[in-house]
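Enquirer: kindly return the folded structure for what I paste below:
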Amino acid sequence: MKRITATGGAENTHSASFVEVNLDLIAQNLAALKERTSKAVFGVLKADAYGLGAVPIARRLQDEVAFFALATVSEAKALREAGIEKPLLVFGYVADADIAWMVDHGVRPALSDVAAAARWDAVAAARGKVAPIHLAIDTGHHRVGIDWTKPRAVDIAEKMAQFSHLRLEGAYSHFSTADEANGPREEISTAFPHRFAMEQLRRFKAAVDDMERAGLALQYRHIANDAGLLTFADDELFDAVRLGICLYGSYPSDDVGRYTDLKLSVPYRWLAPVSRVETVPAGESVSYGRTWFAERPTKVATVQVGYADGYPRLLSNRAVMLVGDVPCPVIGRVCMDQTMLDVTEAPDVQPGDLVLVMGARDWSTAEALADESRTAAAPASGEAAHGISAAYLAGLAETIAYEMTTNWHPRVERVYVGSQG
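Expert: All right, here's what the predicted structure looks like:
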């Protein structure tokens, strides 16, 4: 099979797009984050580790974190079935039918009302177990949790603590604006922490201090996400921090990317094969709706990736892919399964060649690409081409970097390199 040196020597044995995930670089990102905190680390693996693959990443990181945090019970089940024994915390809704499984497997829920706690206590009692739980506190995000104000939060916490088969292990809240600068007129170096994030921190502290005065011993108090860790002093961040997007090579926002000196590496490369190459005469159109016309004879490559794979249709006539070290424009509308490129300026391209859809050009450019993503810059050409950042594509697609990887379809195979843990 053909080898494409410009994409790092990957051998093309694939008939569709695939993502190479470098587990060593994810572990490297975690190590860089841990240098900034003395707190326990909860590794966030929700949405299949932001699209990169929760099970392989959990195996690699399980010795380096205190918890893994998830959104759904199904995500917890996938980890337990894979043999991951690390404590798990599920932030999302839990149906009554799932309580027994979670109790049996030591999976913590996020609870916010006494009635739910009573159901958990009854199930745990029937199984002869004591179930650890975390109390969700709403400090202004208004998505989940009990109101932070006294006396409601502490009263509910005290009632939960009275159940003999529950253990109130932790309490948490979630920032709404920790990744946003205070205002455009402020210097980026003084724009953090965001004022409302500071107010949420104050509210959370008031709530958990009330609990401490009431004699409730909480092992884990946590509010900080990646942005919270990067913009608050470590001694303000209680007992644990929850780290997600930075593990996967993106900054929480452009504002935080410009503000922090944290060095990350992009730990993935989304590659796709060319299926067809033809020269289109001047005046001819390409793809649905005839939104692009050739102004000159144009060499067009069809690439086996489309919006069904998670490549947004909004990138039509906007984005580029990297062919060798040449950024080649997407022309015409992105199709369900295929996308066309103008490869006239690229080296000789043949069916079966791989092009870079998103991510690092090769692993040696992974850190430079993450640094470049701070400004969502368009890819450079030649030796300066580090890859294609999620931030750049997200800007074109009118979304955020988080969505660019979580939207990868399951048919996009993940291929792992580096130590498997």
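
Enquirer: residue 279 - that's part of a helix, no?
Expert: No. The assignment for residue 279, made by DSSP: H, G, I helix; E, B strand; the rest coil, is strand rather than a helix.

Enquirer: beta partners of residue 339?
Expert: Taking DSSP bridges as the rule, residue 339 bridges to residue 303.

Enquirer: in this structure, which ranges drop under the pLDDT threshold?
Expert: For the chain, applying pLDDT under 70 flags the ranges 1-11, 421.

Enquirer: what about the longest helix in it?
Expert: Longest helix of the chain, by residue count under DSSP state H: helix 195-213.

Enquirer: list of residues touching that one?
Expert: 137, 139-141, 148-151, 153-154, 157-158, 171, 173, 175-178, 182, 193, 218, 221, 223, 228, 231-232, 236, 238 (Cβ atoms under 8 Å, 6 or more residues apart in numbering). (C-beta placed from N, C-alpha, C; glycine too.)

Enquirer: just the buried members of those residues?
Expert: Among those, those classed as buried by neighbour count (16 or more other Cβ atoms under 10 Å) are 137, 139-140, 148, 153-154, 157-158, 171, 173, 175-178, 182, 193, 218, 221, 223, 228, 231-232, 238.

Enquirer: the contacts of helix 195-213 in helices, which ones?
Expert: Among the contacts of helix 195-213, DSSP H puts 153, 154, 157, 158, 228, 231 in helices.

Enquirer: in contact with the fifth one, which residues?
Expert: Residues in contact with residue 228, defined by Cβ under 8 Å, 6+ apart, are 175, 178, 197, 237, 241.

Enquirer: repeat for the last one
Expert: Contacts for residue 231 were tallied using Cβ under 8 Å, 6+ apart; they are 178, 192, 193, 194, 197, 256, 259, 260.

Enquirer: circling back: go through the longest helix of the chain and flag the buried ones.
Expert: Buried residues in helix 195-213, counted by 16+ other Cβ under 10 Å: 196, 197, 198, 200, 201, 203, 204, 205, 207, 208, 210, 211.

Enquirer: same check, this time on stretch 85-99
Expert: Residues of stretch 85-99 classed as buried: 86, 87, 88, 89, 90, 91, 94, 98, 99 (neighbour count, 16+ other Cβ under 10 Å).

Enquirer: redo those residues as a markdown table? Include distance to residue 108 and secondary structure.
Expert: Output for these, formatted as a markdown table (distance: Cβ to Cβ, whole Å; DSSP: H, G, I helix; E, B strand; the rest coil):
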| residue | distance to residue 108 | secondary structure |
| --- | --- | --- |
| 86 | 11 | coil |
| 87 | 7 | coil |
| 88 | 7 | strand |
| 89 | 5 | strand |
| 90 | 7 | strand |
| 91 | 10 | coil |
| 94 | 10 | coil |
| 98 | 13 | helix |
| 99 | 12 | helix |
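
Enquirer: export the residues you listed to a markdown table and append columns for distance to residue 319.
Expert: Formatted as a markdown table, the entries for these read as follows, by distance: Cβ to Cβ, whole Å:
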| residue | distance to residue 319 |
| --- | --- |
| 86 | 38 |
| 87 | 40 |
| 88 | 37 |
| 89 | 37 |
| 90 | 36 |
| 91 | 33 |
| 94 | 39 |
| 98 | 40 |
| 99 | 45 |
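
Enquirer: nearest to residue 335 among those?
Expert: For these, the minimum distance to residue 335 (Cβ to Cβ) is 36.0 Å, reached by residue 91.

Enquirer: wait, what's in contact with the closest residue to that closest one other than its chain neighbours?
Expert: Excluding its sequence neighbours, the residue lying closest to residue 91 (Cβ to Cβ, 6 or more residues apart in numbering) is residue 110, at 5.0 Å. Residues in contact with residue 110 (Cβ under 8 Å, 6+ apart) are 89, 90, 91, 92, 133, 134, 135, 136, 144, 145, 172.

Enquirer: any idea how far residue 110 lies from residue 211?
Expert: Distance, residue 110 to residue 211, by Cβ to Cβ, to the nearest Å: 16 Å.

Enquirer: now swap in residue 323 and tell me
Expert: Counting by Cβ to Cβ, the separation of residue 323 from residue 211 is 58 Å.

Enquirer: try residue 308
Expert: Going from residue 308 to residue 211 by Cβ to Cβ gives 48 Å.

Enquirer: returning to that earlier point: what's the most distant pair in the ones in helices among the contacts of helix 195-213?
Expert: Maximum pairwise distance among these (Cβ to Cβ): 32.7 Å, between 158 and 231.

Enquirer: quote the end-to-end distance of stretch 68-78.
Expert: End-to-end span of stretch 68-78 (Cα to Cα, to the nearest Å): 12 Å.

Enquirer: was I right about residue 359 contacting residue 391?
Expert: No. Contact criterion Cβ atoms under 8 Å: residue 359 and residue 391 do not qualify, at 11.8 Å.

Enquirer: so those two - more neighbours on which side?
Expert: A direct count of neighbours by other Cβ atoms under 10 Å for residue 359 and residue 391 places residue 359 higher, at 28 against 23.

Enquirer: so that one bridges to which residues?
Expert: Counting by DSSP bridges, residue 359 is bridged to residue 269, residue 388.

Enquirer: quick one, what contacts it?
Expert: Taking Cβ under 8 Å, 6+ apart, we find residue 359 in contact with 19, 20, 266, 268, 269, 270, 369, 387, 388, 390.

Enquirer: which helices and strands does whichever strand or helix holds residue 367 pack with?
Expert: Assigned by DSSP states H and E, residue 367 falls within helix 366-372. The helices and strands touching helix 366-372, judged by 3 or more Cβ pairs under 8 Å, 6 or more residues apart in numbering; DSSP states H and E, are strand 354-360, strand 387-388.

Enquirer: now render the ones you listed as a markdown table, adding distance to residue 166.
Expert: Shown next, in a markdown table, are these (distance: least, Cβ to Cβ, whole Å):
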| stretch | distance to residue 166 |
| --- | --- |
| strand 354-360 | 44 |
| strand 387-388 | 48 |
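
Enquirer: who wins for proximity to residue 103 among these?
Expert: Nearest to residue 103, of all those, is strand 354-360, at 39.9 Å by Cβ to Cβ.

Enquirer: can you pull the contacts of the closest residue to residue 163 other than its chain neighbours?
Expert: Once flanking residues are discounted, residue 163 sits nearest to residue 121: 3.8 Å by Cβ to Cβ, 6+ apart. Going by Cβ under 8 Å, 6+ apart, residue 121 touches 131, 163, 164, 165, 166.

Enquirer: pull the CA atoms of the helix or strand hosting residue 121 into PDB?
Expert: Secondary structure from DSSP H and E places residue 121 in helix 114-126. Provided in PDB are the C-alpha atoms of helix 114-126 (Å, rounded to 0.1, in the frame of the first residue of the first chain):
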ATOM      1  CA  VAL A 114     -33.600  14.100  48.900                       C
ATOM      2  CA  ALA A 115     -36.200  12.000  47.100                       C
ATOM      3  CA  ALA A 116     -33.500  10.700  44.700                       C
ATOM      4  CA  ALA A 117     -31.100  10.100  47.700                       C
ATOM      5  CA  ALA A 118     -33.800   8.100  49.400                       C
ATOM      6  CA  ARG A 119     -34.200   5.800  46.400                       C
ATOM      7  CA  TRP A 120     -30.400   5.300  46.300                       C
ATOM      8  CA  ASP A 121     -30.300   4.500  50.000                       C
ATOM      9  CA  ALA A 122     -33.000   1.900  49.600                       C
ATOM     10  CA  VAL A 123     -31.200   0.200  46.800                       C
ATOM     11  CA  ALA A 124     -27.900   0.300  48.600                       C
ATOM     12  CA  ALA A 125     -29.500  -1.100  51.700                       C
ATOM     13  CA  ALA A 126     -31.100  -4.000  49.800                       C
END
